[in-house]
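Enquirer: task: produce atomic coordinates for the following.
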Amino acid sequence: MISITCLECSANSTLKLVHKHGPCSPLFNGEPVNHTQFLLEDIARAKWIRSKLSGTNAVDNLKDSAVSVPAKYGPGGESYLVTIGLGTPKKDLTLLFDTGSALTWTQCEPCIVSCYTQTEPIFDPSQSSSYANISCSSPSCSQLPSGTAQRPRCSDSTCVYESRYGDRESFTIGFFATETLTLSSTDAISGFEFGCGQNNRGRFTGFAGLLGLARDRISLVEQSATKYGRLFSYCLPPLISSTGYLTFGKGNGRSTSVRFTPISTVSQSSIFYGINIIGISVGGKPLPIPSTVFSNAGTIIDSGTTITQLPPTAYSALRSAFRQAMSKYNMSAPASPFDTCYDLSGSTMVTTPVITFSFNGPIAIDLDPSGVLFPVNPSKMCLAFASSPADSDPSIYGNIQQRSFEVVYDVAGGRIGFGAKGCS
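Expert: This is a model prediction of the structure:
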């Protein structure tokens, strides 16, 4: 039975959010950011999402075996991290937060099969007085597949979960259990269902696990619904050297003008948050994109995908208009997945056209300048969008384009909002 402890009856709980490789991150090691690796991971993430939406399995070759939290980047491109507390007494753990995954999990001692290297000590359930395994006969165990897309197993009557991720190498397997999750000094959730990972492999490194915020009963959003009303928000900082936040419950109202668009359900997978793009403008001029290009396949908004993926017809129109507006700057060689890049090393002041996304509502969102160009290296900047393989593929609204906005997920109200200057 889940219960919420509120030491000071607060309406929200907020976590600091940071870029994984930025100087504010507890994982920061002083090394320069490897943007090429980010992009490779991002391509894998997008393929994973498309495979889930198409009903295929992109990881068949895997071996079996209102609280605000600061956000940081993590795996799957440029993602973000928050720090939560787990257990009694609580142990602080740095987790990747992910709106595209439902299960929250962390590595656990004794690491029966395998654990990767993480910055903090690995969580030891034997040292916590509030830890308990979930039995195979529990309804919670039988309902796991909706959130993990994998059938649970049994080990001595204990429910065993499995969750796989998009780079064909990363997965976690372990005991499905309950524990006390602490989001702030004032809010703790007892009886929180999570994965206690005993076999964790792949491209995970440094952070302790994942905080799942997708649309499913095992996500933190649903498990904390009685306290926070299925409402959370975040702001991804425009620079890796600054911090943002992840807030559960009614937010701090940092943006003065949040505008909402309805949440849609992507028919192939109800776990993702869908939104409806109805148009794109460059420099105030609407692009000649047929409305059916977006409506046929739909769009998901995802915190774990870096680069926004658009149908080829839409991307081609955006690219042409952007290149025309940037004609006074020197183009440079493409850098996959980007095909519109510029050498701006000799430019002291760069002016980019305003890119505006229109969503069902209707609402119009002018992207922050940090969401337009991606720095591949100090001298190469590229248009921060990519083309999906076909017009029949859904669009993915990535985290670069969400930077600096307060993004509000009012799940109970069936809407997602965007507020400019949300991190200030």
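Enquirer: what ranges do the strands span in the stretch 201-350 of the chain?
Expert: Assigned by DSSP state E, counting those that start in this stretch, the strands in the stretch 201-350 of the chain fall at 209-212, 231-235, 243-249, 258-262, 273-275, 277-282, 285-286, 299-301, 308-310, 331-332, 341-343.
Enquirer: do I have it right that Ala384 meets Thr308?
Expert: Yes: using Cβ atoms under 8 Å, Ala384 is in contact with Thr308, at 7.3 Å. In short, each C-beta sits where N, CA and C put it, glycine included.
Enquirer: which neighbours do those two share?
Expert: Common contacts of Ala384 and Thr308, defined by Cβ atoms under 8 Å, 6 or more residues apart in numbering, comprise 400-401.
Enquirer: need the contact list for Pro334.
Expert: Contacts of Pro334 by Cβ under 8 Å, 6+ apart are 340-341, 382.
Enquirer: next up, phi/psi of it, please.
Expert: With angles defined as degrees, to the nearest 10, Pro334 sits at phi -60, psi 160.
Enquirer: next one: it relative to Gln150, how far apart?
Expert: For Pro334, the distance to Gln150 equals 37 Å [Cβ to Cβ, to the nearest Å].
Enquirer: re the thing from before, most neighbours of all the contacts of Pro334, which one?
Expert: Counting neighbours by other Cβ atoms under 10 Å, Cys382 leads the contacts of Pro334 with 24 neighbours.
Enquirer: that older thread, make CSV from the strands of the stretch 201-350 of the chain and add distance to Val354 and mean pLDDT to it.
Expert: Below are the strands of the stretch 201-350 of the chain laid out as CSV (distance: least, Cβ to Cβ, whole Å; pLDDT from 0 to 100):
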stretch, distance to Val354, mean pLDDT
strand 209-212, 33, 96
strand 231-235, 20, 95
strand 243-249, 22, 94
strand 258-262, 16, 96
strand 273-275, 20, 96
strand 277-282, 8, 97
strand 285-286, 10, 98
strand 299-301, 20, 95
strand 308-310, 16, 96
strand 331-332, 20, 95
strand 341-343, 17, 95
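Enquirer: so can I have JSON lines of the ones you listed showing distance to Pro353?
Expert: Shown next, in JSON lines, are those (distance: least, Cβ to Cβ, whole Å):
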{"stretch": "strand 209-212", "distance to Pro353": "36"}
{"stretch": "strand 231-235", "distance to Pro353": "24"}
{"stretch": "strand 243-249", "distance to Pro353": "26"}
{"stretch": "strand 258-262", "distance to Pro353": "21"}
{"stretch": "strand 273-275", "distance to Pro353": "23"}
{"stretch": "strand 277-282", "distance to Pro353": "5"}
{"stretch": "strand 285-286", "distance to Pro353": "9"}
{"stretch": "strand 299-301", "distance to Pro353": "22"}
{"stretch": "strand 308-310", "distance to Pro353": "16"}
{"stretch": "strand 331-332", "distance to Pro353": "15"}
{"stretch": "strand 341-343", "distance to Pro353": "13"}
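Enquirer: quick check: closest non-adjacent residue to Thr313.
Expert: Closest residue in space to Thr313, ignoring its immediate chain neighbours: Val293 at 4.9 Å, by Cβ to Cβ, 6 or more residues apart in numbering.
Enquirer: repeat that for Tyr116.
Expert: Distances taken as Cβ to Cβ, 6+ apart put Phe204 closest to Tyr116, at 5.1 Å, once the chain neighbours are dropped.
Enquirer: list the helices and strands the lengthiest helix in the chain packs on?
Expert: Counting residues, the longest helix found in the chain (DSSP state H) is helix 35-54. The helices and strands touching helix 35-54, judged by 3 or more Cβ pairs under 8 Å, 6 or more residues apart in numbering; DSSP states H and E, are strand 373-377.
Enquirer: okay, the helix or strand just after the strand it packs on in CSV with CA atoms only?
Expert: Next helix or strand after strand 373-377 toward the C-terminus (DSSP states H and E): strand 380-383. Below are the C-alpha coordinates for strand 380-383, written out as CSV (Å, rounded to 0.1, in the frame of the first residue of the first chain):
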residue,chain,number,x,y,z
LYS,A,380,30.9,23.6,-36.4
MET,A,381,27.3,24.4,-35.6
CYS,A,382,24.4,22.5,-37.2
LEU,A,383,20.7,22.9,-37.5
